[in-house]
Structures are given as structure tokens and as C-alpha cells.
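K.L.:
below are the sequence and a predicted model; questions follow.
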Number of protein chains: 2
Amino acid sequence: MSVIDLSKIPVPEQNLRSYLDTVCETYELDFAAYAGIDPIQQTIHGFVNYPEDWQAHYVKQGFQHKDPALLMASRSIAPVDWQRLRKESMFEKILLAGQEFGIPEQGLTIPVRGPYGDVGLFSVTRNCTDHDWKLLKASILGDLQHAAVHLHDHVMKTNILTRRLTHPSLSIREIEILQWVAAGKSQQDVADILSISNRTVEVHLRSCRMKLGALTTAQAVGRAIGLSMIHPV
Amino acid sequence: MSVIDLSKIPVPEQNLRSYLDTVCETYELDFAAYAGIDPIQQTIHGFVNYPEDWQAHYVKQGFQHKDPALLMASRSIAPVDWQRLRKESMFEKILLAGQEFGIPEQGLTIPVRGPYGDVGLFSVTRNCTDHDWKLLKASILGDLQHAAVHLHDHVMKTNILTRRLTHPSLSIREIEILQWVAAGKSQQDVADILSISNRTVEVHLRSCRMKLGALTTAQAVGRAIGLSMIHPV
DNA sequence: ACCGAAATTAGGGAAATCCCTTAGCCTTGC
DNA sequence: GCAAGGCTAAGGGATTTCCCTAATTTCGGT
């Protein structure tokens, strides 16, 4: 449950954190942050270009699990402007704490989702008036949205979050059978569909459970979906 | 600042079609289309400003279930340029069929996901050379991304899809029990944990299955995870 | 305050799954 | 060629899930 600084992880290409810097420079922003939610463990991994001390304070207080900006954005399709959160006490608290570290009041969090329940939250901040913020936002929102998608796509492709999503190796047959079970078929149904014995189906399912470390078939289905090895039907 | 404010568009669906027209005019595009995928029934609802006859032909052929542009975009985070699909025979077939109705070769499909497993696919097309398309794309991709997000957000906030999604409202008890089952607990385990009868647990699970339209508990777990109602454990 | 819909609680019996075991055939890799 | 692992198949018995029914409680609406 700790925030991992992805910028310290060796990435074949460019340092992701410097990408945030570039975004800030390009769009006249103060800070930018990316937080990726691991769809399996529900942990949050992030990298930011906030000041180190604010980052430390933020994590120490466990703000990443309470921050209304992240919570609301993780339930939203459209970007969430922090102005809409001002009435919330928890947000006020975080904002107040952030002021001591020079964190601006104006901000915006953009959610991006992938097909496997993965979520990326891209936040940017700027110290300015409400009016200026509105103007700035309107002019760069499209680009920020694009940047957010690009960022999350890149993170998911460079195995940072997905590394553990591909490891347990079910055989093709096992995945095939588990997919049918996830589609609501009984063992006998699957046996008939695949023209094999229901006993055989059961052996494969047991193998699936063992490999996935699941106690029941239902749990195995859940894990396999969480691991994006099969899809919910 | 060429982004269109979707929030000012009235509710009825006919106006969404006119929004597509507006997008096309603004960005010098020929056609635009939106397709929303119901995560439960796996059905596709859409509206387009393609010619009526192409639309009819497309649906009649069942292309919405085979179209590589839709399939790939529904598994992608980033937008999918149709140029990347040219090698696929099915795409070639659809493109060839579309040519008779004046459907351009250049196109782009942008996926947008919501927190409930809902997916919106926003496609635009333009008849031009590869080079011109590349230039156009680079200049408007951010805005299109933004438009796609607001389109899907708007549809989800007003449309039938939303009703389908918010309606499978499992009770707190049902979610609690399904979450335990997803964690590998048996009915009796859950009964002991919650200090209720295993019969009661079973009834709740049956209710879960019914509400989620699932045939088996394993399928219900899968769907609930797909809908982010519970988490894989 | 009352009614109805939904949630929560169970029991009994039928059906399916799960576990342990053995075993032949085929492919892949060293 | 041989070993390892995947796919197939099966019996028997214990456990679990599933289906039908039904009582009690809770809660929003008139």
C-alpha cells in the first residue's frame, strides 16, 4: 500500500518523470502527477514532480487513499476540476496541508481506463485565479486528455503495472475451459462443448485453481479476470 | 479553443447526431460515429451520421461484432488508427463494402471507458491521403479525445446504458457475500464469517446471479469484477 | 399509519462440484 | 531417445452448491 516512485524504475525509454516536466513547461503548469491503480491489488503506484517533502507528507498521511480528487476521478469518465471539490472537508484539509509546501489551489485530475480494469489518474496544477484557470483549462484540456491517455497507455505497455498480470501460465486448454466456466457453463456443459469428459474438465479446473492459488472455481475465475487471462462474459 | 461544449447539448438522442455533424464540420471530417457497449449484455448501441444505407448494410451484415476497428479499440487504451488495420482481411472486407457507400478509407477509433466497465467507441473518418491524414490527426487528436470523453460521459449520464448499469444494484449484503465468495470462501465459510445460515448465503448468491444475469456463481463473480462491483482477491 | 416491495433470514432435498487416485497418449525440449 | 509436462479419461465418496418455498424485517411512498 505504498506509493512507488516509478521514475526510479529503469525504463527502457525516457524517464517518465521528465515527461511530466515537459508537460508542465509546455502548458504553463506548476506540477503534474500520475497515479496508476493496480487492478488486482488495488494498490496505487505513482510518480510526480511535486516537491519531495510534499510527496513524503502526502504518502505519510495516506492521502492517496482519501484524496477526493483521486476518488472522484476514479469514478468519473470526464476530468474532475478541483474547484468542484472545494466544499469537501477532506479536500480542504489536503489543500490546506499542501499550501505549506507551495502546492497550488487550482488543479484537475483526468481519469483514463484500460480494458482490464486498470485506471490511470493524471493530475495537473497551476497557481492562478479562477478566471485564468478557466481560460487555461479550456485551451489545453484536449491536449491534457491526450497526454493522459498517452501516459497511461505507455505505463501499461512498459510492464510496470502489468508485469504481474501475465505471470501465472495456464495452458491453452485451461484458459479455454475457464473462459467457458466464466461464461456460465457447467462442467458438463463445457465437456459437451469441447467433446471431452466432464471428469477431464474437472481436472483442468483443479489445475487452474492450483496455478492461480484459488480455493474455489469462482475465485479462480475472478483472479483470471483480474489477471486479464480471460474476459468477463 | 475549438472544443465544443457538450454539456450544453440537450438530452434527446437526435441532438447527439447533430453533435456528430458539428464535430465533422469543425474538424473537416466526413463522418463520425459513436458506439456504446453494454458491459452486461455485451450489446452495442450506437448513433452515426453515416449514410442510412451504409448504416443498414453494416448492421445487416453484423459488422458491429466483427469490425476490427471496434474490436481493437475496445481492447486498447490509446486511439486506434485504421491504417494499422489494413492488413486484416475482415477490415479490408468492411472497407471494401464501405467504398460502395462512399465511406472514406482514413479513420480513427477512440475508446473511452467508465468506471463500470462501460466502453464508448468514437470513430471519425476522412477521405484524404495518408500524408494529409497524418497531419490532420496530429492537429486534432487532442480535441477528438476530449470530444470522445465528453460524448461518452454525456451518453452514460443520460442514456439507457446508465439505467442498465446502475440498475444491477446489488444490495450491500449481496456485494459483501459475493466479495467473500470471490475471495475463495465457500457458502458455509461466508455463513460462519457473517454469522448467518449457509442457506441465507445461498439465497443472496442466487439473487446476485439473477441481478447480474449470470447462470453460475462463477459467472456472477466474473461480471461483478468486470463491473467493478467487487475486486478480485 | 399503512401498504407493498425489497432485503434478510432459513429448511429440505436434488444436483453438481470437488478431492484423491490411476493411467494412456502426445508434444516439446534437452 | 528420454524426460517433462499437457491432454485425455475414469471411479467413488465427501462436500458444496443449487432450487423451491416461506417467514420476518426494513423502508420508501401515500
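P.N.:
Yes, it's here. Residues are numbered from 1 along each chain as shown, chains lettered A, B, ... in the order given.
K.L.:
make it CA atoms for all contacts and neighbour counts henceforth
P.N.:
Fine.
K.L.:
relative to DNA strand D, which residue of chain A is the closest?
P.N.:
Residue of chain A nearest DNA strand D, by Cα to the nearest atom of the strand: A:Ile196 (2.8 Å).
K.L.:
please, which helix or strand holds that residue?
P.N.:
If you go by DSSP states H and E, A:Ile196 is not part of any helix or strand.
K.L.:
what do you get for A:Glu176?
P.N.:
Using DSSP H and E, A:Glu176 falls in helix A:172-182.
K.L.:
now do that helix: which elements does it pack against?
P.N.:
In terms of contacts (3 or more Cα pairs under 8 Å, 6 or more residues apart in numbering or on different chains; DSSP states H and E), helix A:172-182 is packed against helix A:187-194, helix A:198-212, helix A:217-226, helix B:217-226.
K.L.:
now it: buried residues?
P.N.:
A:174-182 (16 or more other Cα atoms under 10 Å in any protein chain shown).
K.L.:
does any part of it sit near DNA strand C?
P.N.:
No. Helix A:172-182 is not in contact with DNA strand C by Cα under 7 Å from any atom of the strand; minimum separation 8.1 Å.
K.L.:
quick one: contacts of that helix?
P.N.:
Residues from elsewhere that reach helix A:172-182 (Cα atoms under 8 Å, 6 or more residues apart in numbering or on different chains): A:187, A:190, A:201, A:204-205, A:207-208, A:221, A:229-233, B:218-219, B:222.
K.L.:
and of those, the nearest to B:Arg75?
P.N.:
Checking these against B:Arg75 with Cα to Cα, the nearest one is A:His231 at 10.8 Å.
K.L.:
which SS class is the closest one?
P.N.:
coil (DSSP: H, G, I helix; E, B strand; the rest coil).
K.L.:
was I right to think it contacts A:Val221?
P.N.:
No. Using Cα atoms under 8 Å, A:His231 makes no contact with A:Val221, being 9.2 Å away.
K.L.:
report the angle between the helix holding A:Glu176 and helix B:217-226.
P.N.:
Going by axes from the mean of the first three to the mean of the last three Cα atoms, to 10 degrees, helix A:172-182 is angled at 90 degrees with respect to helix B:217-226.
K.L.:
what mean pLDDT does helix A:172-182 get?
P.N.:
Helix A:172-182 comes out with an average pLDDT of 87.
K.L.:
name the residues that touch the helix or strand harbouring A:Lys93?
P.N.:
Element membership for A:Lys93, per DSSP H and E: helix A:89-99. Under the contact criterion Cα under 8 Å, 6+ apart, helix A:89-99 has outside partners A:54, A:63, A:66-69, A:85-86, A:103-105.
K.L.:
10 Å - rerun?
P.N.:
Under the contact criterion Cα atoms under 10 Å, 6 or more residues apart in numbering or on different chains, helix A:89-99 has outside partners A:54-55, A:57-58, A:61, A:63, A:66-69, A:82, A:85-86, A:101, A:103-106.
K.L.:
kind regards, and thank you for your time.
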